[in-house]
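Asks: Below are the sequence and a predicted model; questions follow.
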Amino acid sequence: METTAGSGPISLQQPLRQAAGVVLTSPHSGRCYEPSFLAASRLDANAIRRSEDGFVDELFAAGPKLGLPLLAARFPRAYCDANREPWELDPTMFEDPLPDYVNHKSPRVQAGLGTLARIVGTGEPIYAGKLKFAEARARIETCWQPFHAALEEMIHQTLVGFGACLVVDCHSMPSQPARHAPRADVVLGDGHGTSCGAAWVDFIHRQLEAMGLRVERNEPYAGGYITRHYGRPHAGVEVLQLEISRGIYMNERSFTRSARFETTQTHMTQLLRAVVEASPNYGQLGAAAE
């Protein structure tokens, strides 16, 4: 865990030259915690981290070196969830009424996992008391909005440079899945075929299986807001959510990298290299800049 320093809510690593029409996002790996947030929580410093996609930004750290932009949230998911609509809020969490534009009926809100989550990933309530809506508005304006403004600009610039954009939305999942869910090392989510074309999904699936990883599709994770909102294959924007089992690279109890971390990181680097080389517009922006 880190406490927030004055370096902003997001990390955007841009390559000197973008190599392909591909961008990377990591909206849930943030681990910079506001002291005021920790003070308002009923959880200890370890339990509050149970929603983190631990170290996912590091697993894909080779992206910029390979010519791919990497956008990561520095703020933790428990504080503000960038993979939700901007105003998915649970009225029971607040002491004052919420505006009419708030979506308080979504399945994610009902599960306690709205833009401001009521619980951490293992189900424990986060807050000792109720919040004011002004707190939600401040977090959304200072965290959610900068993340999505940066993502929209990344997609726009990639479309301008390459004519198409693949967003690989990088996440991790508990190694002990929900009941009846398949035991997989990686789950690929394409919104059941709506957010990403079969060519990319099939290609990435094959690459991962060639590494010896067990791969499933859409169960139990078909994609969140980023997948649903930005995935528009008919407009040249494809989004694929990639969930990696935490059990293959970290200790889920101590929130530390395991002995297999470097192997998993190497696998993800190999995957990104293969995606870059397979991109139909590989090198197009670089060639245009010559």
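Replies: Arrived safely. Numbers count the residues shown, from 1 in each chain.
Asks: before we move on, what SS does residue 172 have?
Replies: Assigned with DSSP: H, G, I helix; E, B strand; the rest coil, residue 172 falls in the strand class.
Asks: going forward can the numbers begin at 45, since that is how I track them
Replies: That works, and once the first residue is 45, the last one we named lands at residue 216.
Asks: isn't it right up against residue 288?
Replies: Yes - Residue 216 is in contact with residue 288 according to Cβ atoms under 8 Å; the separation is 4.9 Å. Using the backbone N, CA and C atoms, a C-beta is placed for each residue, glycine as well.
Asks: Common neighbours of those two, please.
Replies: residue 100 (Cβ atoms under 8 Å, 6 or more residues apart in numbering).
Asks: how about the helices of this structure, start to end?
Replies: Under the criterion DSSP state H, the chain contains helices at 79-84, 100-103, 151-154, 177-183, 189-206, 242-254, 269-274, 305-322, 328-333.
Asks: Figure out which of those is closest to residue 117.
Replies: In terms of Cβ to Cβ, the element of the helices of the chain nearest to residue 117 is helix 189-206, at 5.6 Å.
Asks: other SSEs contacting that closest one?
Replies: For helix 189-206, the packing partners by 3 or more Cβ pairs under 8 Å, 6 or more residues apart in numbering; DSSP states H and E come out as strand 54-57, strand 66-70, strand 114-117, strand 209-217, helix 269-274, helix 328-333.
Asks: need these in JSON lines with distance to residue 166 and mean pLDDT, can you?
Replies: Below are the helices and strands packed on helix 189-206 laid out as JSON lines (distance: least, Cβ to Cβ, whole Å; pLDDT from 0 to 100):
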{"stretch": "strand 54-57", "distance to residue 166": "26", "mean pLDDT": "97"}
{"stretch": "strand 66-70", "distance to residue 166": "21", "mean pLDDT": "98"}
{"stretch": "strand 114-117", "distance to residue 166": "20", "mean pLDDT": "98"}
{"stretch": "strand 209-217", "distance to residue 166": "13", "mean pLDDT": "97"}
{"stretch": "helix 269-274", "distance to residue 166": "22", "mean pLDDT": "98"}
{"stretch": "helix 328-333", "distance to residue 166": "43", "mean pLDDT": "40"}
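Asks: For residue 86, find the nearest of those.
Replies: strand 114-117 (23.3 Å).
Asks: Show residues contacting that closest one.
Replies: 53-57, 67-74, 101, 104-105, 107-108, 126, 187, 191, 194-195, 198.
Asks: Which strands border that strand, and is each parallel or antiparallel?
Replies: Strand pairing for strand 114-117, determined by DSSP bridges: strand 54-57 (antiparallel), strand 66-70 (parallel).
Asks: Need the winner for burial among those.
Replies: Counting by mean count of other Cβ atoms under 10 Å, strand 66-70 has the highest mean neighbour count of these, with a mean of 27.
Asks: how about that strand as CSV, C-alpha atoms only?
Replies: The C-alpha trace of strand 66-70 is given here as CSV (Å, rounded to 0.1, in the frame of the first residue of the first chain):
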residue,chain,number,x,y,z
VAL,A,66,-3.2,-1.3,-29.4
VAL,A,67,-3.5,0.4,-26.0
LEU,A,68,-3.4,-1.1,-22.5
THR,A,69,-5.5,-0.2,-19.4
SER,A,70,-5.2,-1.2,-15.8
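Asks: Distance from the chain centre to it, please.
Replies: Chain-centre distance of strand 66-70: 9 Å, with Cα atoms, centre = their mean, to the nearest Å.
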